[in-house]
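Student: for reference, the sequence and a predicted model appear below.
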Protein chains: 2
Amino acid sequence: MSDQDTNLTPEAFTDRQKAVLDCALQLLVEGGEKALTTAAIARAAGCSKESLYKWFGDRDGLLTAIVARQASKVRAPEALNGPFSRETLTRELYQFAENLLQVISSDVSLALNRLAIGQASRGDATLGQLLLKRGRGRIGAQTTLLLKEAMAQGYLKQSDAGSAYDVLYGLVLKDLHVRLLLGDQLKKAEQDYAAAGKQAVDDFMKLYAASTE
Amino acid sequence: MSDQDTNLTPEAFTDRQKAVLDCALQLLVEGGEKALTTAAIARAAGCSKESLYKWFGDRDGLLTAIVARQASKVRAPEALNGPFSRETLTRELYQFAENLLQVISSDVSLALNRLAIGQASRGDATLGQLLLKRGRGRIGAQTTLLLKEAMAQGYLKQSDAGSAYDVLYGLVLKDLHVRLLLGDQLKKAEQDYAAAGKQAVDDFMKLYAASTE
DNA sequence: CAAAATCAGTACCGTACGGTACGGTTCTTG
DNA sequence: CAAGAACCGTACCGTACGGTACTGATTTTG
């Protein structure tokens, strides 16, 4: 009852198909799922509906392809190999927090998440799983490794790195993600992602920094 | 360009109309927005489509009425008046955290949030604003008052109570709300809301407890 | 009790969308 | 250059939904 051979991984899309998916994504960002009709995609991408169905099967396959393509663009941050200084750790975390805030609040991310949530409301969590695995999962895994390494080097308290990452995530985003998904407008001060991220990381370090002695 | 006289506040619904809205909500919870057609509501509620349009104007008005009705059921927790002990504070916060987790993960809450997010994806944030104001806002305001009072009584560091509440909120929910909206299944351990809430509040207290001396 | 309002049930209309079929054009390939 | 595949553009079909109109029954009201 799970994803068996839905072959989401291959993504053997031709350049033409990728261009079509990018067009479709733009439509999605601009007008929401409602605007993402097969006719509109065909018109915007300059291809025929018949080709869409030939390439992606049906509308659901098309939506999945859009998400898969975009998720494939997610670049996990470089893993630090070897020892690093405490300053490097905090700098990396600052970078992570600011980047996370930027990504989460981007039009593309919001549109994709809304699309997946809409599908989930119809009882199908395929897109949601895809987003969680390829999007949050990939970034999270890398940062979790960073935290684990920081624990090994004595900068952070020994504890479950996954839980620590969850705490960091919560401190950075708070209820911002859902508010944005709901269409709420951020106040000016809330849009200073660098400052907000720094504050969150500082809080995180208060909780997880190894006792200095 | 905002909500002017959309008269969301009155909610002068007759008992009959409330019953219809409850029926509609049940449909929404069971089958998502897709299942929430006017015909389906009329059939489930045993009323005519004409009555639906007479009472609620159009489909959007019906959706708004559903959300408004449910939001009106939100009971803000009692405000503590007068001084209270530190134990009372932590007990209240534990209660708040567990309750928040339960509410956020409930089928009804998820369905309403998904509905509002779907509307937001079409560029209309009416339902989102309604949810934020009547749902999160009401609970949040009360707990923020509690935090402010705790600061006044010296249990918590003096700081902006609103920001402190945001931190608490983030620590309690982490990325759980969005994961649930995306249709992700919680692991067994994650469903122990009492334990998760306690952990979050303990973390919160580490950050905000007034230095004991 | 009679006039008036309300409402359930149903039929109906226009539109929009997912999906398919087809003709004509361009591009590939031998 | 010729045969064939790929594909664009469009037309088409069936269905489903939002919204309206009508009718007969029930309730309300004076």
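Tutor: Okay, I see it.
Student: drop to CA atoms for contacts and neighbour counts, all remaining ones
Tutor: Fine.
Student: avg pLDDT for stretch A:58-66?
Tutor: On average, the pLDDT along stretch A:58-66 is 97.
Student: what are the buried residues along it?
Tutor: Buried residues in stretch A:58-66, counting neighbours by 16 or more other CA atoms under 10 Å in any protein chain shown, are found at A:61-66.
Student: go on, stretch A:76-94?
Tutor: Buried residues in stretch A:76-94, counted by 16+ other CA under 10 Å: A:76, A:89, A:93-94.
Student: do you know how far the residue nearest to A:Leu186 when sequence neighbours are not counted is from B:Ala40?
Tutor: Closest residue to A:Leu186 apart from its sequence neighbours, by CA to CA, 6 or more residues apart in numbering or on different chains: A:Leu180 at 7.8 Å. Going from A:Leu180 to B:Ala40 by CA to CA, to the nearest Å gives 31 Å.
Student: between these two, which one's more packed in?
Tutor: The neighbour comparison of A:Leu180 against B:Ala40 (other CA atoms under 10 Å in any protein chain shown) goes to A:Leu180, with 19 against 15.
Student: pretty sure the more buried one sits against A:Leu110.
Tutor: Yes - counting by CA atoms under 8 Å, A:Leu180 touches A:Leu110, with 7.5 Å between them.
Student: that older thread, narrow the buried residues of stretch A:76-94 to those in strands?
Tutor: Among these, DSSP state E puts none in strands.
Student: in helices only, show me the residues you listed.
Tutor: Within the buried residues of stretch A:76-94, membership in helices is found for A:89, A:93-94, as judged by DSSP state H.
Student: mind giving me the domain split of chain A?
Tutor: According to automatic domain parsing, chain A comprises the domains A:15-72, A:86-208.
Student: wait, which of those domains is closest to DNA strand D?
Tutor: Closest approach to DNA strand D among those (CA to the nearest atom of the strand): domain A:15-72, 3.3 Å.
Student: hmm, back to that, out of the domains of chain A, which is the most enclosed?
Tutor: Mean neighbour counts were compared across the domains of chain A using mean count of other CA atoms under 10 Å in any protein chain shown; the top stretch is domain A:86-208, at a mean of 19.
Student: still on that earlier bit, can you add distance to B:Asp184 and give the domains of chain A back as JSON lines?
Tutor: Putting these into JSON lines (distance: least, CA to CA, whole Å) gives the following:
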{"stretch": "domain A:15-72", "distance to B:Asp184": "16"}
{"stretch": "domain A:86-208", "distance to B:Asp184": "7"}
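Student: could you dump the ones you listed to JSON lines with distance to DNA strand D?
Tutor: Shown next, in JSON lines, are the domains of chain A (distance: least, CA to the nearest atom of the strand, whole Å):
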{"stretch": "domain A:15-72", "distance to DNA strand D": "3"}
{"stretch": "domain A:86-208", "distance to DNA strand D": "12"}
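Student: nearest to B:Gln185, of the ones you listed?
Tutor: Among the domains of chain A, domain A:86-208 comes nearest to B:Gln185, with 9.5 Å by CA to CA.
Student: do the closest one and DNA strand C meet?
Tutor: No - judged by CA under 7 Å from any atom of the strand, domain A:86-208 makes no contact with DNA strand C; its nearest approach is 12.6 Å.
Student: can you give me the end-to-end distance of that domain?
Tutor: From the first residue to the last, domain A:86-208 extends over 13 Å; the measure is CA to CA.
Student: what is the rounded mean pLDDT of that domain?
Tutor: The model assigns domain A:86-208 a mean pLDDT of 97.
Student: can you give me the offset of it from its chain's centre?
Tutor: Centroid separation for domain A:86-208 versus its chain: 9 Å, with CA atoms, centre = their mean, to the nearest Å.
Student: list the contacts for the residue nearest the centre of chain A?
Tutor: Nearest residue to the geometric centre of chain A (CA atoms, centre = their mean): A:Gly135, 3.7 Å. Going by CA atoms under 8 Å, 6 or more residues apart in numbering or on different chains, A:Gly135 touches A:71, A:74.
Student: from A:Ile104, how far off is it?
Tutor: Distance, A:Gly135 to A:Ile104, by CA to CA: 10 Å.
Student: A:Val167 contacts B:Leu171, doesn't it?
Tutor: Yes - the criterion here is CA under 8 Å, and A:Val167 meets it with B:Leu171 at 6.2 Å.
Student: around chain B, which positions in chain A sit nearby?
Tutor: Within chain A, the positions near chain B by CA under 8 Å from any CA of the partner chain are A:31-34, A:111, A:113-114, A:116-118, A:120-125, A:127-129, A:132, A:166-167, A:169-175, A:177-179, A:181-184, A:203, A:206-207.
Student: same thing but at 6 Å, please
Tutor: Chain A comes close to chain B at residues A:32, A:117, A:120-122, A:125, A:128, A:170-171, A:174, A:181-183, as judged by CA under 6 Å from any CA of the partner chain.
Student: farthest-separated two in those residues?
Tutor: Maximum distance among the residues of chain A next to chain B (CA to CA): 30.7 Å, for A:Arg122 and A:Leu171.
Student: what strand or helix carries A:Leu112?
Tutor: Using DSSP states H and E, A:Leu112 falls within helix A:107-121.
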